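Undergrad: Below is the structure, and that's it, no one-letter string:
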C-alpha cells in the first residue's frame with residue numbers, strides 16, 4: 001500500500017505558471033520519497049516471494065526519483081550557497097543524510113530480495129536481467145559509501161553490501177537467460 005501523493009499547487013493566484021519550490025520544500029520532498037520507498041521495498045519483497053517483479057520495479061523507480069531530486073538539490077545548493085550560506089549548507093547536509101538513508105534501504109532491501117530469491121530452487125525467466133541492474137546499483141552504492149566517513153555508516157553495512165553482491169552474483173549465475181531472438185541460427 002503506497003502512501004498518498006503530496007500534491008502541491010505551485011501556481012500563484014492569477015498566474016498559470018508554477019512557482020519554484022523552496023529549498024526546504026525540496027528537502028521535505030526527498031524525505032517523502034524515502035518513506036514511500038520504504039513502503040515499496042516491503043511490497044517488492046512480498047512480490048518477489050511470489051515471483052512477481054512489479055513491486056520491485058516500482059521500488060527501483062522510486063529510488064530513481066529520489067536520486068533525481070537529490071541531483072536537483074545539489075545543483076540548486078551550489079547556486080544558492082553564496083546567497084543563503086548556512087541555510088544552504090544545512091539543507092545540503094540534510095540531503096546527504098537522506099542519500100545515506102536511501103543507500104542503507106537499497107542495500108538492506110537487496111539483501112532481503114537476494115535471500116528470498118536464493119531460497120527458490122528455480123528462478124523465473126527475466127531474473128538474470130532484472131538483477132544485473134541491481135548488482136550495478138550496489139556497485140554505485142559502494143563507491144558512494146567508500147567516500148563517506150566510516151563513523152557515519154551503520155555497523156555492518158559494508159558487510160551487508162558485500163553479501164548482497166555475492167548473493168546477487170549467484171542468482172544471476174543460476175538464472176535462466178532470456179531467449180536471444182537476434183542470434184543467428186546454426187541450422188540451415
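TA: Yep, it's here. None of the values given here were measured: they were computed from a predicted structure.
Undergrad: secondary structure class for the most centrally placed residue in the chain?
TA: Among the residues of the chain, residue 63 comes closest to the average C-alpha position under CA atoms, centre = their mean, at 2.9 Å. Following DSSP: H, G, I helix; E, B strand; the rest coil, we place residue 63 in the helix state.
Undergrad: residues in contact with it?
TA: For residue 63, the contacting residues are 37, 102, 106, 137, by CB atoms under 8 Å, 6 or more residues apart in numbering. No exception for glycine: its C-beta is placed from N, CA and C like everyone else's.
Undergrad: Please name the nearest non-neighbouring residue to residue 176.
TA: residue 125 (5.7 Å; CB to CB, 6 or more residues apart in numbering).
Undergrad: Check the spacing between that neighbour and residue 53 real quick.
TA: When CB to CB, to the nearest Å is the yardstick, residue 125 and residue 53 sit 11 Å from each other.
Undergrad: now do residue 107
TA: Spatial separation of residue 107 from residue 53 under the definition CB to CB is 19 Å.
Undergrad: The helix ranked longest in the chain: what's the following helix or strand?
TA: Determined from DSSP state H, the single longest helix within the chain is helix 86-118. As assigned by DSSP states H and E, the chain's next helix or strand after helix 86-118 is helix 127-147.
Undergrad: buried set for whichever helix or strand comes after that next one?
TA: Past helix 127-147, heading to the C-terminal end, the next element that is a helix or strand (DSSP H and E) is helix 157-174. Neighbour-count burial for helix 157-174 flags 157, 160-161, 163-165, 167-168, 171-172 (criterion: 16 or more other CB atoms under 10 Å).
Undergrad: So residue 26, which state does it fall into?
TA: For residue 26, the assignment made with three-state DSSP gives helix.
Undergrad: ok, for it, nearest residue in space, not its chain neighbours?
TA: Excluding its sequence neighbours, the residue lying closest to residue 26 (CB to CB, 6+ apart) is residue 73, at 5.1 Å.
Undergrad: got a list of what the one you found touches?
TA: Contacts for residue 73 were tallied using CB under 8 Å, 6+ apart; they are 23, 26-27, 30, 91-92, 95.
Undergrad: Output those in a markdown table; the columns should cover distance to residue 112, neighbour count and pLDDT.
TA: Conversion of the contacts of residue 73 to a markdown table gives the following (distance: CB to CB, whole Å; neighbours: other CB atoms under 10 Å; pLDDT from 0 to 100):
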| residue | distance to residue 112 | neighbour count | pLDDT |
| --- | --- | --- | --- |
| 23 | 34 | 20 | 83 |
| 26 | 29 | 19 | 91 |
| 27 | 28 | 21 | 92 |
| 30 | 23 | 23 | 95 |
| 91 | 31 | 22 | 84 |
| 92 | 30 | 19 | 86 |
| 95 | 26 | 23 | 91 |
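Undergrad: re the thing from before, who's more crowded, residue 107 and residue 53?
TA: Between residue 107 and residue 53, counted using other CB atoms under 10 Å, residue 107 has the larger neighbour count: 24 against 18.
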